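Student: One predicted model, sequence on top.
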Amino acid sequence: MFCLKRKEFCGKHRREGTDGVRFAARLEARIEGAGAVTVEGDAIKVTDADAVTLVLAAGTSFVKYNDISANPVERAENIIRAAQGKDFAKLQSAHIDDHRSLFRRMTLNLEPTPAATLPTDQRLSAEDKINDPQLAALLFNFGRYLLIACSRPGSQAANLQGVWTESLRPSWGSKYTTNINLEMNYWPAEVANLSELTAPLFDLLDDVVETGTRTAQIHYNARGWVLHHNTDIWRGTAPINNANHGIWPTGGAWLCLHLWDHYLFSGNREFLSNRAYPVMLAASKFFIDTLVEDPATGNLISGPSNSPEHGGLVMGPTMDHQIIRGLFSWTAEAARILGVDAAFADSLDVYRKRIAPNMIGRHGQLQEWLEDKDDPRNTHRHVSHLWGVFPGDEINWDTPQMLAAARQSLEFRGDGGTGWAIGWKLALWARLRDGARAHNILLNQLAFVQEPREGETARPGGGTYPNLFGAHPPFQIDGNFAATAAIIELLVQSISLTDAPDSQREIVLLPALPPTWKNGSISGIRLRGGFDIDITWENGKLKEATLHSKLGRKFKLVYGEQVIEATIPVGESRTFFKN
């Protein structure tokens, strides 16, 4: 093998008030055989070679939102240098091994049909997808692939288009919208056994705690930190855009759920102590300082705020209260697990009980606001007030009246929407344990969407492009991740607000199995409480479930009317309901 000249490219992107982000790229050509490679102007020319391997490396001066001092040339050179002595076969093998170590943790098998042999675009454009259950498995696996590809330790968090935006001016700036979209990107991370891929999200959180502390002080004269509905690589936390969605102070509190869930799934006390708890503690202090007493009821309410992105600026939207109650609960429980701040944890319990409760309105719906003003004819894409059903869980099968009200609200909003909105509805119907309705929503998610040609208007409503990317439209990746997470919710759910050492974890098997998925299996699902589970079903009935214990916690295994309560020692596995 003969290695020759590199083509270099350097540049700068100016940011107002700075010298700008600098960037550089290096391209190295490696030829096989007796040929030659030369640099001619702005091109590399290869002649008479048997094969050529191009090694492309890029670097920027960006270190952190407040530091752009890195040497981009040196970074690119270091990447090229790390590839020295590794031929194409070695580089490819390392890549495959790396990918397989993550992707092969899970498998989902749905009964194959002849449709599974067709090209993907033909399967998507088929009028009848009911007889192609493997298409759902393909969408599920594609979501895992996308997260593996765009969120690794040391990278930036997955944004609105992941790493696949082709535009220098992408839709919505390809930012991090924190009133649903960023969180949705990471819904599959824990349950799909890709826990370490949350690292970039937690790095982002560390940054916005710093910038959000200043925003809390300046905008609210409050302790702690706050993040509104949007941020970007520069970690802005103040309200932006219009008041009807920009003034919304609970984006950071929602992101804290991912910290808490990371602990619930892993049981990592060091992470809880050093990363999660300090962030949740500071977020809780912000809301202690900013919640106000409603003169009409005496309840504590948030505001000014909105119910994203629907209804305008208000006081006391239901979504805010659900998230803040959750934050106070997670923070108090974390303090008790760690044996710290007992008095503060007790005070959070008091504050949580004083927050305005969920309410049922005159249409039998879960109220979106303090006032009973929901319009049953409104089919807005956001279902923000249903946060307490999913991804939260304060509205569940132990609160049947509220669950029925949430269902009524979901009925009013309909089954359509943008790609990510359909994905959220899919997860909600899964939590409502309605497999047939959930499957209808999934078919809406798989509606075929073509990119419009020049001069054409995009098809209204969400769906899936021929390459399986989610259609907002335009392209937005969060719908892919929502579908992956929601498909798991159809097959198994592990729900609990607390994680005291002696608490039981309730694991519900096949809670919303679609009737058309007669036979199948899934393995490698990660559950709260430190469990992995493998499930097989035949003729629409559970055949067996094998639970793998990582932490030795107690659990309650539920399938229909059958309940098994047990403990499995650390590192051991048990099979249940074997037929």
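Tutor: That came through, no problem. Everything numeric here is computed off the predicted structure, so don't read it as measured data.
Student: can you list the domains in the protein?
Tutor: 2-85, 151-161+171-357, 363-414 (automatic domain parsing).
Student: nearest to residue 450, of those?
Tutor: domain 151-161+171-357 (17.3 Å; CB to CB). C-beta here means a position set from N, CA and C on the backbone, and glycine is covered the same way.
Student: can you give me the end-to-end distance of that closest one?
Tutor: One end of domain 151-161+171-357 to the other measures 37 Å (CA to CA, to the nearest Å).
Student: chain center to that domain, what's the gap?
Tutor: 14 Å (CA atoms, centre = their mean, to the nearest Å).
Student: Kindly tell me how buried the closest residue in space to residue 142 that isn't next to it in sequence is, as a neighbour count.
Tutor: Excluding the flanking residues, the one nearest residue 142 by CB to CB, 6 or more residues apart in numbering is residue 468, at 4.8 Å. Neighbour count for residue 468, taken as other CB atoms under 10 Å: 20.
Student: roughly how far apart are residue 468 and residue 141?
Tutor: From residue 468 across to residue 141, the span is 10 Å (CB to CB, to the nearest Å).
Student: what does residue 310 give?
Tutor: Residue 310 is 33 Å from residue 141, by CB to CB.
Student: try residue 341
Tutor: Distance from residue 341 to residue 141, by CB to CB: 43 Å.
Student: Nearest residue to the middle of the chain?
Tutor: residue 186 (2.0 Å; CA atoms, centre = their mean).
Student: May I see the buried residues of stretch 534-549?
Tutor: Neighbour-count burial for stretch 534-549 flags 534-537, 542, 545-549 (criterion: 16 or more other CB atoms under 10 Å).
Student: Phi and psi next, for residue 133.
Tutor: The phi/psi pair for residue 133 (degrees, to the nearest 10) reads phi -60, psi -30.
Student: oh sorry, the question was meant for residue 449
Tutor: phi -130, psi 130.
Student: Was I right to think it contacts residue 471?
Tutor: Yes: with contacts counted by CB atoms under 8 Å, residue 449 reaches residue 471, the gap being 4.0 Å.
Student: Quick check: neighbours shared by those two?
Tutor: 459, 462-465 (CB atoms under 8 Å, 6 or more residues apart in numbering).
Student: Which positions in stretch 182-196 come out as buried?
Tutor: Counting neighbours by 16+ other CB under 10 Å, the buried set in stretch 182-196 is 182-195.
Student: same deal with stretch 199-212?
Tutor: 199-202, 204-205, 207-209, 211-212.
Student: Between the residues you listed, which sits nearest residue 306?
Tutor: Distances from residue 306 to the buried residues of stretch 199-212, taken by CB to CB, are shortest for residue 212, at 18.6 Å.
Student: what are the phi and psi values for that closest one?
Tutor: phi -70, psi -20.
Student: Next, count neighbours for the closest residue to it other than its chain neighbours.
Tutor: Closest residue to residue 212 apart from its sequence neighbours, by CB to CB, 6+ apart: residue 225 at 3.5 Å. Counted with other CB under 10 Å, residues neighbouring residue 225 total 24.
Student: Look at residue 225 and report its pLDDT.
Tutor: If you check residue 225, the pLDDT there is 98.
Student: Run through the helices of the stretch 451-579 of the chain in chain order.
Tutor: Per DSSP state H, counting those that start in this stretch, the stretch 451-579 of the chain carries helices over the ranges 478-491.
Student: Adding distance to residue 495, write the domains of the chain out as a markdown table.
Tutor: As requested, these are exported to a markdown table (distance: least, CB to CB, whole Å):
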| stretch | distance to residue 495 |
| --- | --- |
| domain 2-85 | 35 |
| domain 151-161+171-357 | 10 |
| domain 363-414 | 5 |
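Student: The residue nearest to the centre of the chain against residue 257, yeah?
Tutor: No: counting by CB under 8 Å, residue 257 is not a contact partner of residue 186; they are 9.8 Å apart.
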